[in-house]
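Need coordinates for the below:
(2 chains)
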Amino acid sequence: MSAVFQSVPPRPAPIKQSGFVYWARTNLFADWKSALATVFMIALVLYWLPGIIDWGVLRAVYRADADACQAARGIGACWGVITEKHRLIIFGRYPYDEQWRPEIATGLLVGLLMVSCVRRFWRPSLVILWVAVIAAFFILMHGGLFGLPVVTTDRWGGLPLTIMLSTFSIVLAFPLAVLVALGRRSKLPAIRTFCTIYVELIRGVPLISVLFMASFMFPLFMPQGLTIDVLVRVLIGITLFAAAYLAEIVRGGLQAIPKGQVEAADSLGLTYWQTQRKIVLPQALAMVVPGIMNNFISIFKDTSLVTIVSLYELTGALGLALNSDADWRPFKIEGYLFITLIYFAFCFAMSRYSLWVEKQLNRSKTR
Amino acid sequence: MTEHIITFDKVNKWYGNNFHVLRDIDLHVGKGERIVICGPSGSGKSTLIRCINRLEEYQEGSLKVDGIELTDDVKAIEKIRREVGMVFQQFNLFPHLTVLDNLTLAPMWVMKMPKAEAEERAMTQLKRVRIEEQALKFPLQLSGGQQQRVAIARALCLKPKVMLFDEPTSALDPEMIKEVLDVMIELAGQGITMLCVTHEMGFAKAVADRVIFMDQGQIVEQNNPHDFFDHPKSERTRDFLSKILGH
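Prediction:
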């Protein structure tokens, strides 16, 4: 055997291809099937779009004029209902003159969430910021300090309530879920059984019944004279509910970690908690980011169920704003489109953030 | 070698109810001794060395490492693990941490060493395995041989008295085996106690003080490499050696 070594002639460097035409050719018209799909989608858009623009923009009524809206019914959208009712939809039953308070409080909370999303700010002082913002949030919302009139929690509502409930239930549910997920894999039978029962019980009931129990049944078992605010009870209910589902997602990640990782950590003398914190959880959580974010988004939307225990968050506040007013009741569709847009903006932001996180975490896997 | 650092005394282990994986293991390892353990797969050789840092439990007998008896006492186990480094067949590096962070983890969290000192120690060990220029890469960006050398450096960072190698070259491409063996041979010259499960008989001949042959959970034969390879006593050893050396 004396095969002569022959070198392959160097290939030219790939030509850099960019521009709209190139993008369209590779993404929209790669072969006849994708070209057909593209043409079909364009046709569909051209078919629907004029009607939507006509109804939603050209013939729409923007003034808060119920008569004009009535006249345009079926022909043009009545955005006047938003002009007229937007404060009631966004702030619910919160006293009209005090609505600057939830505005600032929610602004602070959303700002805090945005800051917390940026890796550069992940340092111990962020915890102090969280404590400060949460304190400011409750002082502003509840009042009773600094000359602010007291607004009891049953009057909190609208978007501030939606954001507050989802933020706090997510922030509380996540660590709980991690503990429960670890507990379900514990070597100690008592802990394992307890965590399993908790997850199975919660998963077996709908959120609505958890909220009912938190709101109506729980007080029956409290000693006389001791009451816990309904908002707190509902918050605990949502947290316990969300944590059970999250725990299963986290457990999925834990199971995907090869046994060798724990053995290596063990062989280095790391304790159980050090191993979980430094080796297992960072990898396990990174693996289930899409699932976790899915759950966060669903918690955000599930908060709309608290309406049934008379807490008027965004969806509930919309009903509150329109049901009682015969002039505007017919224009519920426009109202729903309005809050749809709000929900979508938040959910889309969460989903984009999740993609960004995935990209960051994948850096260690690429060359 | 009168002083023993590892003492197995009639150790028995079962997997489940009926698989008797270690049978009456009696083994005394002297300080600084270099032992190679070989045997067919399923003979219990990996299980044997994994008992030493309690990755495996045993049901009967006693096992002392550096004067400490291995029991369920978590503190004692953690103490022993600080003295015993381990290198795995599949490297088991932490893929989400850089090479440097893989090495500083145990010094910082187990020995509570300040970061700068831990990094200095890590770099010393990386130089020892000749891979210091890769310190800031992630493990999956390295070749198998490089990863295994990092794993050796990681185990050395705690300055262990004993090093356990569990088939360290079995998962490697042939051209990378030598770079890992070279590091191990160098290490063997530095007085550290080594127990190595391997089928690299060249390595055994070069560095081992003693070669142990295991089959079906028992230590069948042990001897110095010269006599072990040239004058194996038992039929099973001869049979095994003819299979792995005969081609």
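
what element comes up after the one helix or strand A:Ala136 maps to heading to the C-terminus?
Here A:Ala136 sits within helix A:125-142, counting by DSSP states H and E. Sequence-wise, the next helix or strand downstream of helix A:125-142 (DSSP H and E) is strand A:157.

Would you mind pulling the contact partners of that next one?
Contacts to strand A:157, defined as Cβ atoms under 8 Å, 6 or more residues apart in numbering or on different chains, come from residues A:Phe91, A:Gly92, A:Arg93, A:Tyr94, A:Leu311, A:Tyr312, A:Glu313, A:Gly316, A:Ala317, A:Leu320. For the C-beta atoms, the positions are set from N, CA and C on the backbone; glycine is no exception.

how about the last one, what does it touch?
Neighbouring residues of A:Leu320 by Cβ under 8 Å, 6+ apart: A:Leu88, A:Gly92, A:Arg93, A:Gly157, A:Tyr312.

ok, now with 7 Å
A:Leu88, A:Gly92, A:Arg93, A:Tyr312 (Cβ atoms under 7 Å, 6 or more residues apart in numbering or on different chains).

Let me know whether the first one touches A:Ala321 as I believe.
Yes: the pair A:Leu88 / A:Ala321 is scored as a contact, 4.0 Å apart, by Cβ atoms under 7 Å.

how about the residues of chain B near chain A?
Residues of chain B lying close to chain A (Cβ under 7 Å from any Cβ of the partner chain) are B:53, B:55, B:78, B:81-82, B:86, B:88, B:90, B:92, B:94-96, B:105-106, B:109-110, B:138, B:140-141, B:158.

So among these, which ones count as buried?
B:53, B:55, B:81-82, B:86, B:88, B:90, B:92, B:94-96, B:105-106, B:109-110, B:138, B:141, B:158 (16 or more other Cβ atoms under 10 Å in any protein chain shown).

which ones among these are found in strands?
If you go by DSSP state E, these have B:Met86 in strands.

Let me know the average pLDDT across the helix holding A:Ala136.
Helix A:125-142 shows a mean pLDDT of 86.

Would you pull up how far it lies from the middle of the chain?
From the chain centre to the centre of helix A:125-142 is a distance of 20 Å (Cα atoms, centre = their mean, to the nearest Å).

What of stretch A:79-92?
On Cα atoms, centre = their mean, the centre of stretch A:79-92 falls 23 Å from that of its chain.

contact partners of it?
A:60-65, A:69, A:99, A:102, A:157-161, A:312, A:317-318, A:320-322, A:328, A:331, A:334-335, A:338-339.

What's the PyMOL line that selects buried ones from those?
A single PyMOL command selects the buried members of these (16+ other Cβ under 10 Å):
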select buried, chain A and resi 60+61+64+69+99+102+157+158+159+160+161+312+317+318+320+321+322+328+331+334+335+338+339
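
Quick one: name the residues of chain A near chain B.
Residues of chain A lying close to chain B (Cβ under 7 Å from any Cβ) are A:260-261, A:263-264, A:266-271, A:274, A:278-279, A:282-283, A:286, A:364-365, A:367.

buried subset of the residues you listed?
By neighbour count, with 16+ other Cβ under 10 Å, the residues of chain A next to chain B hold A:261, A:263-264, A:266-270, A:274, A:278-279, A:282-283, A:286, A:364 as buried.

now, which of these lie within helices?
Among those, the residues falling in helices (DSSP state H) are A:Gln261, A:Glu263, A:Ala264, A:Asp266, A:Ser267, A:Gln274, A:Pro282, A:Gln283, A:Ala286.

Just the buried positions in stretch B:178-192, please.
Buried residues in stretch B:178-192 (16+ other Cβ under 10 Å): B:Glu179, B:Val180, B:Leu181, B:Val183, B:Met184, B:Leu187, B:Ala188, B:Ile192.

and the nearest residue in space to B:Arg34 that is not next to it in sequence, how many residues sit next to it?
What sits nearest to B:Arg34 in space, not counting adjacent residues and going by Cβ to Cβ, 6 or more residues apart in numbering or on different chains, is B:Met194, at 4.6 Å. By the measure other Cβ atoms under 10 Å in any protein chain shown, the count of residues near B:Met194 is 23.

likewise B:Thr237?
21.

Mind telling me what element it is part of?
Using DSSP H and E, B:Thr237 falls in helix B:235-245.

What of B:Val21?
B:Val21 belongs to strand B:19-30, assigned by DSSP H and E.

show me where chain B has helices.
Using DSSP H, helices in chain B cover B:45-52, B:74-83, B:99-109, B:115-128, B:144-156, B:174-188, B:201-207, B:225-230, B:235-245.

The stretch 1-150 of chain A: helices as residue ranges?
In the stretch 1-150 of chain A, the segments counted as helices under DSSP state H, counting those that start in this stretch are A:20-27, A:32-53, A:66-71, A:80-91, A:100-117, A:125-142.

Could you tell me the least trusted of those helices?
helix A:66-71 - the lowest mean pLDDT of the helices of the stretch 1-150 of chain A, at a mean of 76.

Could I have the CA atoms of that helix written out in PDB?
What follows is helix A:66-71, C-alpha atoms only, in PDB (Å, rounded to 0.1, in the frame of the first residue of the first chain):
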ATOM      1  CA  ALA A  66     -71.000  57.300  22.600                       C
ATOM      2  CA  ASP A  67     -73.400  58.500  19.900                       C
ATOM      3  CA  ALA A  68     -70.800  58.600  17.200                       C
ATOM      4  CA  CYS A  69     -69.700  55.100  18.300                       C
ATOM      5  CA  GLN A  70     -73.200  53.900  18.000                       C
ATOM      6  CA  ALA A  71     -73.500  55.300  14.500                       C
END
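
Touching that helix from outside, list them.
By Cβ under 7 Å, 6+ apart, helix A:66-71 touches A:Val61, A:Cys78, A:Gly80, A:Asp327, A:Trp328, A:Phe331.

For the fourth one, which non-adjacent residue is spatially closest?
Taking Cβ to Cβ, 6+ apart, and ignoring the residues beside it in sequence, A:Asp327 has A:Ala66 as its nearest neighbour in space, at 4.2 Å.

that older thread, out of the ones in helices among the buried ones among the residues of chain A next to chain B, what pair is the most spread apart?
Maximum pairwise distance in these, criterion Cβ to Cβ, is 22.9 Å, between A:Ser267 and A:Ala286.

Low-confidence stretches in the stretch 151-300 of chain A?
For the stretch 151-300 of chain A, not a single residue meets the criterion pLDDT under 70.

What is the three-state secondary structure of the residue of the stretch 51-200 of chain A found nearest chain B?
At 11.2 Å from chain B, A:Lys187 is the closest residue in the stretch 51-200 of chain A, using Cβ to the nearest Cβ. Counting by DSSP: H, G, I helix; E, B strand; the rest coil, the backbone at A:Lys187 sits in coil.

any idea how far it is from B:Val74?
12 Å (Cβ to Cβ, to the nearest Å).

In terms of neighbours, single out the busier of these two.
B:Val74 (11 against 7).
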